[in-house]
Structures are given as C-alpha cells and as structure tokens.
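# sharing a sequence plus its predicted fold:
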Amino acid sequence: GITRHYQFDIQMKNVTRLCETKSIVTVNGQFPGPKIEAREGDRLVIRVVNHVPYNISLHWHGVRQLFSAWADGPAYITQCPIQLGHSYVYNFTIVGQRGTLWWHGHISWLRATVYGPLVILPKTDVPYPFAKPYKEVPLIFGQWFKADTEAVISQALQIGAGPNISDSHTINGLPGPLYNCSAKDTFKLKVKPGKTYLLRIINAALNDELFFSIANHSLTVVEVDAVYVKPFTTETLLITPGQTTNVLLTARAEYPGANFFMKARPYSNGRPGTYDNTTVAGILEYENPYSFPPSSFNKNLPLFEPMLPSMNNTSFATNYTDKLKSLANTRYPANVPQTIDRHFFFTVGLGANPCPKNKTCQGPNGTMFSAAVNNVSFVLPKTALLQSHFTGKSSGVYTSDFPIMPLIQFNYTGIPPNNTFVTNGTKVLVIPFNTSVELVLQGTSIFGVESHPFHLHGFNFFVIGQGFGNYNPDKDPSGFNLVDPVERNTVGVPAGGWVAIRFLADNPGVWFMHCHLEAHTSWGLKMAWLVLDGSLPNQKLPPPPSDLPKC
Ligand code: C2O
C-alpha cells in the first residue's frame with residue numbers, strides 16, 4: 001500500500017437550508033465533508049487542525065484500527081478532544097477491509113454536520129465480486145436542524161426530556177422538494193440508460209433509522225459495513241445510523257428522459273421521546289439519449305413515486321436483516337469464532353434518573369430520561385480512558401467492574417417495571433487479548449418498543465442470531481448461524497427483542513460500544529471494552545503519538 005495524506009481544517013461556515021442560514025462546524029468549509037479514498041493496505045495520515053471555539057474529535061467509523069487504537073477518535077475514550085488552535089494527526093493503516101465506511105465527529109453532537117464518506121477500494125488488480133459498475137456514487141443520509149444542534153442536546157439534557165426533532169432529513173446534505181423552501185436543494189442522480197451504478201449508501205442521520213427506495217427500480221445489495229454479502233435484490237433498504245450499504249442500480253434502457261423519485265424516511269417503531277417522521281426525496285434523472293433538450297423533454301413526464309414500508313413495520317425490518325449473509329467463500333471466508341471463551345448478556349435500553357430537587361424535569365413521570373447497558377448509564381470521564389490505562393493511572397478515571405449480567409433481573413413483559421432508575425458510572429469490561437466473545441444484546445423496551453443500532457469500535461462482529469421477546473439461553477443458541485452470518489460493525493437490536501453477536505478480541509485498546517442514535521448515546525447508552533495486550537511483542541498496543549491531545 002501507499003501513504004495518503006489529507007488535511008482537515010475544522011472551520012465554521014454559513015450554510016443555508018430550508019430558507020434559513022446558520023453557522024455550522026465543517027471540514028474545509030464543506031458540507032457534507034470531503035470524501036476520503038484509499039485502497040486496502042494503504043496508510044492514511046489525516047492532519048486535523050481545529051480553528052473553531054469547540055472541542056472536536058474525529059472517528060473513522062468501521063475502520064478496524066488494528067494496533068492503532070490511538071487513531072480511533074471517540075472523545076474521552078481513546079483521546080482527549082482537540083482544542084481550538086491545536087491539531088492531531090490520525091495515522092492508521094487499512095488492514096483487510098475494502099468497501100464503504102465513513103468518518104464523523106465524535107464528541108457531543110458534532111457529527112450533525114461533521115461527516116463524510118471513507119471509501120476503501122480493493123487492492124490494485126483485485127476485482128469486485130460483481131461486475132464492475134459504470135460509476136460509483138456516495139449517498140449519505142443526514143438530518144438538518146434549523147437550530148444549533150449543541151443547543152438542542154444541552155437543553156434536552158438540562159430538562160431530562162427528549163431532544164427537539166430535526167427539521168428535515170437530507171441526502172448528501174440536501175433536504176429535497178418535499179420540504180418548504182427546499183426544491184432547489186434536491187439531490188439528483190443523473191444516469192445513462194443501460195448502465196449500472198454502485199451506490200455507496202451511508203446513514204449519518206443523528207437519530208433515525210431509515211427506509212430507502214427508488215421508484216420502479218430494484219436494488220441489489222452487495223456489501224454492508226465494508227464486508228461483501230451474498231447479493232440479493234430488494235425494493236427497499238433499511239439502514240440504521242452508523243451502517244453503510246452498497247447497492248447496484250441498473251438504469252433501464254427503456255426509460256430515456258424519465259425521472260423517478262428516491263425517498264428515505266424513518267423506521268421509527270414508536271420511539272419514545274421524539275423523532276422526525278418526515279421524508280427526504282431526491283431524483284433519479286435519466287439522460288435523454290435523443291437530441292431533445294432534456295429540460296423540455298423531462299417536463300411532460302410524470303415523476304414516479306417509490307413505495308416505502310410503514311413507519312413501524314418491524315416485520316419488514318426482520319425479513320430484510322434475515323437476508324443479509326456473508327459471502328463465505330474461499331476468497332472472502334467468514335471467520336466466525338466456532339468456540340467461545342466468554343458469553344455476555346447485556347440489556348440495552350432507556351431508563352431514568354431522579355429529578356434533582358431544585359428542578360422540574362420533563363422525562364417520564366417527572367424524571368430525567370437516561371439510558372443504560374446492564375443498568376449502568378455510562379458517564380464520560382474527564383480524561384481519556386485509553387491514556388489512563390496506558391499510563392497505569394486509572395484510579396479516579398474508571399473502574400473495571402462493568403457488570404457482566406444486568407443488575408436488575410430482566411424479563412421482557414411489555415409492562416414497564418416499577419423501578420426504571422439506572423445507576424451511573426464509568427465502568428469498563430476488561431478481557432484478555434484474543435478472547436473469543438459471544439454477546440447477547442437484549443432490548444428492554446421499557447418506555448415503548450424500540451430498536452437500537454449498536455456500534456462496536458475496533459472490531460467487526462458476526463450477527464449469529466436474533467429474535468423477539470426474551471432471549472432464551474436453553475433454546476435460542478441451537479438456531480445460531482455459524483456458517484455465513486453477516487459481518488458488520490453496527491447492528492439493530494430488534495424492537496422488543498435481542499440479537500447475538502460474536503467477535504474475536506484481537507485488537508488491544510479501549511473500545512467504545514454504543515447506540516448510534518445520538519440522543520440515546522447522550523443519555524448514557526454506551527460502554528467500553530478494555531482489551532489487554534497479548535504476551536507476544538506483536539500483540540501489544542504501541543505507545544501514543546507525541547501529538548496526542550491533552551485534556
Ligand atoms: Cu460512528 Cu462511536 O461511532
């Protein structure tokens with residue numbers, strides 16, 4: 001591989017959407033941010049300079065960061081944030097991965113405006129396991145707030161309520177024609193009849209899982225989270241925040257000059273708090289192969305509408321995720337751990353904290369919304385966990401007593417328990433190098449049935465099973481798929497159900513795991529794994545770079 005250098009200047013920029021202008025944090029003044037492109041095996045050296053009066057930090061979502069935990073980026077987990085006037089060089093190699101990933105801000109709600117694609121091409125001369133597309137196009141979904149997003153989350157945390165909803169969803173930063181004042185900000189994908197396009201789809205939305213569909217066209221899914229899958233054809237995708245999906249789209253020969261809507265809107269599942277139930281539309285615009293001026297030719301043709309599942313269509317979600325399977329062939333094997341060293345069971349979901357005496361709180365029954373893994377709502381420390389661990393100064397920063405079972409015996413009945421209170425703390429789960437882990441994530445759905453897209457840093461995992469209701473340790477493992485389960489970095493814990501994953505902890509460091517709905521992360525739906533060094537010299541995390549930011 002080669003070394004590729006990028007310079008990311010974090011700058012404020014005025015951006016107008018929905019007829020209102022606000023100043024947002026950007027990379028190099030671009031919104032969405034610049035695309036990073038590399039090949040498998042390349043080294044990326046990204047110099048990030050902070051010119052804004054906020055603390056910032058960037059994360060390379062889905063990059064394995066093998067033995068390079070210092071470059072992972074979540075603030076207060078692997079590094080202290082980069083302060084105004086300071087810089088940090090993220091330096092890492094792409095090992096054994098190719099496909100679509102992305103990068104985003106990883107402190108508070110910075111990722112609302114600070115995100116972009118990270119495209120990893122296969123090594124030179126290595127073809128895709130599908131016919132070479134005519135063109136490749138990134139499609140990033142986002143959410144636009146007219147208000148300042150830092151104000152939105154800090155106000156929500158003050159009163160313990162759900163945050164205000166966004167004003168639109170976006171495709172490549174554009175809300176599209178279904179919103180007032182926005183027709184001119186419409187994403188258009190121009191295609192030639194007969195050609196096949198690879199859409200690199202990324203869900204960067206803060207708080208919404210999305211369905212996506214293009215009228216009159218089916219999509220062939222070929223990869224998720226930078227891992228090839230057995231191709232399958234679908235009319236509609238489901239993509240949670242944090243996930244990526246590559247699809248092939250064939251522009252049909254019989255449609256010259258026609259226009260079709262593409263739309264994305266939430267799979268919301270009656271989520272408590274609030275979510276934005278609006279729809280973003282873009283346009284698939286066929287080139288006119290004749291000599292008519294395209295504008296006059298297009299005008300008379302209808303704009304076809306895609307069908308999307310209803311907003312709480314959980315059976316669609318289950319059917320869709322069931323179709324995802326690893327290629328699992330000799331070239332791209334699925335290295336599913338066949339035996340496990342440790343089994344863990346985590347409950348994940350919302351809960352509450354008591355309202356402080358001097359306050360009025362707007363969470364459930366006058367409490368403050370919170371969220372927890374095994375009843376522990378994670379409190380971010382004041383200094384970075386990885387640094388504290390590496391220098392042997394963990395005292396007062398974190399404790400190593402993350403509970404391996406829920407603190408309160410869990411039984412999903414659909415009726416909220418009497419006590420929904422969480423405990424609060426900075427607890428990590430320590431495991432030895434090369435532990436083979438099986439983890440069941442059980443949704444609690446205490447305040448309503450909801451799904452949670454869980455993301456693990458530093459690893460891909462295999463999704464070996466999922467189901468509804470309570471996970472049954474006597475019955476459910478017999479149905480686990482250990483042959484060709486999908487391999488990914490973000491998985492939806494089904495609404496009112498559970499998901500089982502396996503991974504090999506072959507990467508020393510402190511690795512964040514959290515719900516990728518930003519509201520839930522803010523409420524504490526997160527935890528950290530501490531994977532210890534192995535005993536051999538090549539199984540140890542190298543020392544931090546000298547420019548690692550200080551808190
Ligand atoms: Cu995409 Cu911890 O993040």
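Sure, I can see it. Numbering: from 1, shown residues only.

# what bridges to the closest residue to residue 280 other than its chain neighbours?
Sequence neighbours aside, residue 169 is the residue nearest to residue 280 in space, at 3.9 Å (criterion: Cβ to Cβ, 6 or more residues apart in numbering). In this view, the C-beta of every residue, glycine as well, is placed from N, C-alpha and C. Beta-bridge partners for residue 169, by DSSP bridges, are residue 143.

# where's residue 169 relative to the ligand, distance?
Per Cβ to the nearest ligand atom, to the nearest Å, residue 169 is found 18 Å from the ligand.

# pretty sure that residue contacts residue 265?
Yes - contact criterion Cβ atoms under 8 Å: residue 169 and residue 265 qualify, at 7.0 Å.

# tell me which of these two has more neighbours.
Per other Cβ atoms under 10 Å, whichever of residue 169 and residue 265 has more neighbours is residue 169, with 28 against 21.

# residue contacts, that one?
Going by Cβ atoms under 8 Å, 6 or more residues apart in numbering, residue 169 touches 141-144, 175, 205, 208, 210, 264-266, 276, 278-280.

# of the residues you listed, buried ones?
Buried residues within the contacts of residue 169, defined by neighbour count using 16 or more other Cβ atoms under 10 Å: 141-144, 175, 205, 208, 210, 264-266, 276, 278-280.

# out of these, list just those in strands.
When DSSP state E is applied, the buried ones among the contacts of residue 169 are split such that 141-144, 210, 264-266, 280 fall in strands.

# so how far is the first residue of stretch 115-127 from its last?
Terminal residues of stretch 115-127 lie 28 Å apart, using Cα to Cα, to the nearest Å.

# next one: that stretch to chain centre, how far?
Stretch 115-127 has its C-alpha centroid displaced from the chain centroid by 19 Å (Cα atoms, centre = their mean, to the nearest Å).

# contacting residues around that stretch?
1, 27, 30, 32-41, 60-63, 94, 97-105, 128, 136, 138, 140, 142, 200, 202, 204, 226.

# that older thread, tell me the one among the buried ones among the contacts of residue 169 nearest to residue 244.
Distance to residue 244 across these (Cβ to Cβ) is lowest for residue 141, with 10.6 Å.

# so that closest one makes contact with residue 171?
Yes - contact criterion Cβ under 8 Å: residue 141 and residue 171 qualify, at 6.2 Å.

# quickly list what's touching both of these two.
Common neighbours of residue 141 and residue 171, using Cβ under 8 Å, 6+ apart, are 264, 280.

# picking up where we left off before, shared neighbours, residue 169 and residue 265?
Both residue 169 and residue 265 are in contact with 210, 278-280, where contact means Cβ under 8 Å, 6+ apart.

# and the two most separated of the residues you listed?
Checking these with Cβ to Cβ, the most distant pair is 210 and 278, at 11.3 Å.

# give me the common contacts of these two.
Residues touching both residue 210 and residue 278 (Cβ under 8 Å, 6+ apart) are 169, 265.

# re earlier: just the ones of the contacts of stretch 115-127 in strands?
Judged by DSSP E, strands contain the following of those: 27, 36-39, 60-61, 99-105, 136, 138, 140, 142, 200, 202.

# residues near residue 12, how many?
As a burial measure, residue 12 scores 14 neighbours (other Cβ under 10 Å).

# my bad, should have said residue 39
17.

# how near is it to residue 331?
Going from residue 39 to residue 331 by Cβ to Cβ, to the nearest Å gives 17 Å.

# who are the neighbours in contact with the residue nearest to residue 349 when sequence neighbours are not counted?
Using Cβ to Cβ, 6+ apart and skipping residues adjacent in sequence, the residue nearest residue 349 is residue 444, 3.2 Å away. When contacts are counted by Cβ under 8 Å, 6+ apart, residue 444 touches 347-351, 410, 412.

# what bridges to the residue of the stretch 351-500 of the chain found nearest the ligand?
Nearest residue of the stretch 351-500 of the chain to the ligand: residue 455, at 5.1 Å (Cβ to the nearest ligand atom). Counting by DSSP bridges, residue 455 forms beta bridges with residue 490, residue 514.
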